[in-house]
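K.L.:
following is a predicted model, sequence given first.
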Amino acid sequence: MTSGRRTVRVPSPCDLHAQPPLGPLRMLELAAAVAANALRAHHIAIQGDFFLDETHEVTAARVLAHACDQLGQILDEYRRRALARLARERRADPF
């Protein structure tokens, strides 16, 4: 679960030129984090254990918040790998 303040690195123009998906994927990552936090704020119960008597809406919110967390992790991993590859390529070809 993520919460609190976050510093966001906006892709540079050079990075976006080489890897255009980095921009919208960054926005998707932020949207997923905000959605997960909003679900947890609205459905306080999903921050704890699953209860047999919880409503379908609460269960869906729990699953969705978890999926948002996973999506954020996957997007972060993709971005880190793409930027690492770009850095390697730039070191190999300085022109």
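P.N.:
Ah, there it is. Numbering: from 1, shown residues only.
K.L.:
which other helices and strands does the longest helix seen in the chain contact?
P.N.:
Identified as the longest helix of the chain according to DSSP state H is helix 56-92. Packed against helix 56-92 by the contact rule (3 or more C-beta pairs under 8 Å, 6 or more residues apart in numbering; DSSP states H and E) you find helix 13-18, helix 22-42. In this view, the C-beta of every residue, glycine as well, is placed from N, C-alpha and C.
K.L.:
helices or strands next to the shortest one in the packing?
P.N.:
Looking back up the chat, that one is helix 13-18. Here helix 13-18 touches helix 22-42, helix 56-92, going by 3+ C-beta pairs under 8 Å, 6+ apart.
K.L.:
tell me the most buried of these?
P.N.:
helix 22-42 (a mean of 16; mean count of other C-beta atoms under 10 Å).
K.L.:
go ahead and name everything in contact with stretch 58-76.
P.N.:
1-2, 25-26, 28-29, 32-33, 35-36, 39-40, 42-43, 45-46, 50, 54 (C-beta atoms under 8 Å, 6 or more residues apart in numbering).
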